[in-house]
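J.: Next comes the sequence, and after it the predicted model I'd like to discuss.
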Amino acid sequence: MKKRHSNFGFSSILLTFIMICIATFSALSLLTANSDYRLSRRVAERGMAYYHAQENANDRLVSIDQALQTAYNSCDNAAEYYANAFSLVSDAAEGTWSDSEGEYLFSYVEPVTDNQQLVVVIELQYPATKTDSFYRITQWKTVQTNNNK
């Protein structure tokens with residue numbers, strides 16, 4: 001009698017190897033997808049926090065603009081305007097005044113995250129006409145802070 005050789009051994013080994021490869025690749029795909037999801041969620045949360053801080057900064061800028069409009073309407077010259085502006089803007093928005101070489105700067109900070117903040121600096125201007133701007137934005141910048149929690 002002739003012996004028949006079967007290829008069941010090789011087929012079983014090949015099938016086992018393919019199944020191990022499929023299981024490994026599916027596990028790696030699951031890990032990668034989960035990691036991408038967590039990263040996307042963190043990026044979305046940071047983006048939302050930034051836009052929320054930007055919205056708050058814009059709201060504060062609207063309050064400042066209204067205070068400067070009131071100061072402009074109640075004065076006759078630049079000296080009166082700046083004197084009124086200092087008090088009215090300080091009442092309208094929390095921030096810091098600085099005066100360097102005749103430039104009147106007002107700065108304020110909006111928190112973005114625990115270790116980021118949005119810094120806004122505006123330079124007050126006395127408008128020559130009623131259509132001119134009351135201020136010029138000199139800085140609108142996100143900076144890192146050292147708050148490690």
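T.: Perfect, thanks for sending it.
J.: tell me which element the closest residue to Glu103 other than its chain neighbours is part of?
T.: Using C-beta to C-beta, 6 or more residues apart in numbering and skipping residues adjacent in sequence, the residue nearest Glu103 is Glu123, 5.4 Å away. All C-beta spots, glycine's among them, are computed from the backbone N, C-alpha and C. If you go by DSSP states H and E, Glu123 is part of strand 116-124.
J.: can you map out the helices along the chain?
T.: 8-73, 78-92 (DSSP state H).
J.: Am I right that the residue nearest to Glu103 is in contact with Arg136?
T.: Yes: with contact defined as C-beta atoms under 8 Å, Glu123 counts as touching Arg136 (4.8 Å).
J.: re earlier: for the helices of the chain, which one sits closest to Lys130?
T.: helix 8-73 (8.2 Å; C-beta to C-beta).
J.: Hey, what's the angle from that closest one to strand 116-124? Just curious.
T.: Counting by axes from the mean of the first three to the mean of the last three C-alpha atoms, to 10 degrees, helix 8-73 lies at 30 degrees to strand 116-124.
J.: mean pLDDT lowest for which of the helices of the chain?
T.: Ranked by mean pLDDT, the helices of the chain bottom out at helix 78-92, with a mean of 86.
J.: Enumerate the positions of it that are buried.
T.: Tyr81, Asn84, Ala85, Phe86, Leu88, Val89, Ala92 (16 or more other C-beta atoms under 10 Å).
J.: Look up how far Val89 lies from the residue nearest to Glu103.
T.: For Glu123, the distance to Val89 equals 12 Å [C-beta to C-beta, to the nearest Å].
J.: returning to what we had before: now, of the helices of the chain, which is deepest in the fold?
T.: Ranked by mean neighbour count, these are led by helix 78-92 with a mean of 16 (mean count of other C-beta atoms under 10 Å).
J.: sorry, back to before: show me which of the buried residues of helix 78-92 is closest to Leu14.
T.: Closest to Leu14, out of all of those and judged by C-beta to C-beta, is Ala92, at 76.7 Å.
J.: got a list of what the residue nearest the centre of the chain touches?
T.: Most central in the chain under C-alpha atoms, centre = their mean is Tyr50, positioned 2.6 Å from the mean C-alpha point. By C-beta atoms under 8 Å, 6 or more residues apart in numbering, the contact list for Tyr50 reads Val112, Gln116, Leu118, Thr142.
J.: Please repeat the previous calculation with a cut-off of 7 Å.
T.: Val112, Thr142 (C-beta atoms under 7 Å, 6 or more residues apart in numbering).
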